[in-house]
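K.L.:
generate coordinates for the sequence data below:
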Amino acid sequence: MSDSEEEHQCVLEDKTDEVDPEFEEEVAEVAAETALSSSVLHHDVPVQHDGETVDVVDSAQGATSTSIEEKQEAQKTTIATATETEVPVATCWVCFATVEDEPSAKWLRPCHCRGTSKWVHEACLQRWIDEKQKGNSTTVVRCPQCEAEYIIVFPSCNPIVKILEGVDSWLLSVSPYCAGIGFCISVYWCSWTFGFLTVVQVMGLQEGTQAIDQADPLVAMIMLPTIPYMLILARMIPWDQYLLRVWRRHGNKLPFVKHAPAAYAREPAEGGDGADAVKSGLRLFLGAMALPTMATICGKLFFRGVRPNWQRAVLGGIFYIAVKGVVKIYYKQGQYERQANRVILDFHPREEEGEVPLVQGSEV
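P.N.:
Numbers count the residues shown, from 1 in each chain. The predicted structure follows:
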């Protein structure tokens, strides 16, 4: 081998050991474009790598005459390596859509959640907050997973809207108390009106109005509304039930009671009148409200010669209550005797089949 050939071979070996700087710049640009495309694709979703790198520089040093096709293949290899090492794709916890499903949607991270559940579409979260607030913008909304309160900021508004918003919230907070006060005032005036009408009905129009005018205003304002409640309390006294129990215990010992049985076949269970609590309450209320009217009517029918009018009404009320109590006791006692003498019959098909019914005291 000649000296010129040896020099030419040495030059080729030196070129083989050298690294093309232009190729290194191209590799760096490819890596930058890959990272940028990954960041844009996932809208700031972090991308992690497992530490593996593509040693493009070493492969470039092994072949100084790399073609354009080999450069493109190296770029594809770099992109594939970055894609394989990504974290799971972010998913909206409201609609369960991913970044690839809606690449143009705006994503938020409004709470302390980790993983894929920390991302949510802004539009989905806005709808979800509307459902939770139900028109009340002051309601605090929290994340259903981590219980973190969402930071909700409203744009600034003009002073007039602020004043109206404050007035509206104040009225909203005060309205229950106003409704309660109005209800109490209505009940008071209804009670006062009923008391006034009761006094006029019992004492007469002229005497009743004169008595109310001569009374102290404070006493009249306090005493008149209590009349309906006093009637209800008087109606709640179960005096007829006490008399009925005494009659059941000692009624058969009286000499003038001939048909009272010495003992009943059985002791029936004590129960009410068969009506529920609502109907019983309405019946008690209506009976108490009707007592002054019934007392006045009975007084005019049976005690016409009694004066003054209020004494006649009192006697009529006592007569009405007594007669009503006696009738109720008679009715309850009749029901009690029916229940005590109740008999249960055998099933008739047993006799038709030839079976002899059992007699009391016989053996099976």
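K.L.:
hmm, Tyr320 is touching Lys300, no?
P.N.:
No. Under the criterion of Cβ atoms under 8 Å, Tyr320 makes no contact with Lys300, lying 11.8 Å away. Yep, even glycine has a C-beta here, placed from its N, CA and C like the rest.
K.L.:
between those two, who's got more neighbours?
P.N.:
Neighbour count, other Cβ atoms under 10 Å: between Tyr320 and Lys300, Tyr320 has more, with 20 against 14.
K.L.:
which ones are touching that one?
P.N.:
Residues in contact with Tyr320, defined by Cβ atoms under 8 Å, 6 or more residues apart in numbering, are 291, 294-295, 298.
K.L.:
same thing but 10 Å
P.N.:
Listed by Cβ atoms under 10 Å, 6 or more residues apart in numbering, the contact set of Tyr320 reads 290-291, 293-299, 302.
K.L.:
now which of those would you call buried?
P.N.:
Listed as buried from the contacts of Tyr320 are 291, 294-296, 298-299; burial here means 16 or more other Cβ atoms under 10 Å.
K.L.:
now, the residues you listed that are in helices?
P.N.:
Using DSSP state H, the subset of the buried ones among the contacts of Tyr320 located in helices is 291, 294-296, 298-299.
K.L.:
which residue ranges of this protein form helices?
P.N.:
3-17, 21-41, 56-62, 68-84, 122-133, 159-203, 205-214, 217-235, 239-250, 277-302, 309-340, 349-352.
K.L.:
related to what we said a few turns ago, pLDDT added to the ones in helices among the buried ones among the contacts of Tyr320, as JSON lines?
P.N.:
Formatted as JSON lines, those follow (pLDDT from 0 to 100):
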{"residue": "Leu291", "pLDDT": "93"}
{"residue": "Met294", "pLDDT": "94"}
{"residue": "Ala295", "pLDDT": "93"}
{"residue": "Thr296", "pLDDT": "93"}
{"residue": "Cys298", "pLDDT": "93"}
{"residue": "Gly299", "pLDDT": "91"}
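K.L.:
now these as JSON lines including distance to Gly204?
P.N.:
Shown next, in JSON lines, are those (distance: Cβ to Cβ, whole Å):
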{"residue": "Leu291", "distance to Gly204": "18"}
{"residue": "Met294", "distance to Gly204": "17"}
{"residue": "Ala295", "distance to Gly204": "14"}
{"residue": "Thr296", "distance to Gly204": "10"}
{"residue": "Cys298", "distance to Gly204": "16"}
{"residue": "Gly299", "distance to Gly204": "11"}
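K.L.:
tell me the two of these that are most distant?
P.N.:
The span of those, defined through Cβ to Cβ, is set by Leu291 and Gly299 at 12.2 Å.
K.L.:
overlap in contacts of the two?
P.N.:
The contact sets of Leu291 and Gly299 overlap at 317, 320 (Cβ under 10 Å, 6+ apart).
K.L.:
residues near the nearest residue to Thr293 once chain neighbours are set aside, how many?
P.N.:
Distances taken as Cβ to Cβ, 6 or more residues apart in numbering put Gln201 closest to Thr293, at 6.8 Å, once the chain neighbours are dropped. Residues near Gln201, counting by other Cβ under 10 Å, number 16.
K.L.:
Leu218 now?
P.N.:
Residues contacting Leu218 under the criterion other Cβ under 10 Å number 8.
K.L.:
with Leu244 instead?
P.N.:
Neighbour tally, Leu244, other Cβ under 10 Å: 19.
K.L.:
ok, and the closest non-adjacent residue to it?
P.N.:
Nearest residue to Leu244 in three dimensions, chain neighbours excluded: Ile329, at 5.1 Å (Cβ to Cβ, 6+ apart).
K.L.:
domain-wise, how is this protein divided?
P.N.:
Here the domain parsing of the chain from automatic domain parsing is 3-84, 93-154, 165-224, 236-355.
K.L.:
got any ranges where the stretch 51-200 of the chain has weak pLDDT?
P.N.:
Low-confidence regions of the stretch 51-200 of the chain, defined by pLDDT under 70, span residues 51-72, 74-88.
K.L.:
good, we can wrap up now.
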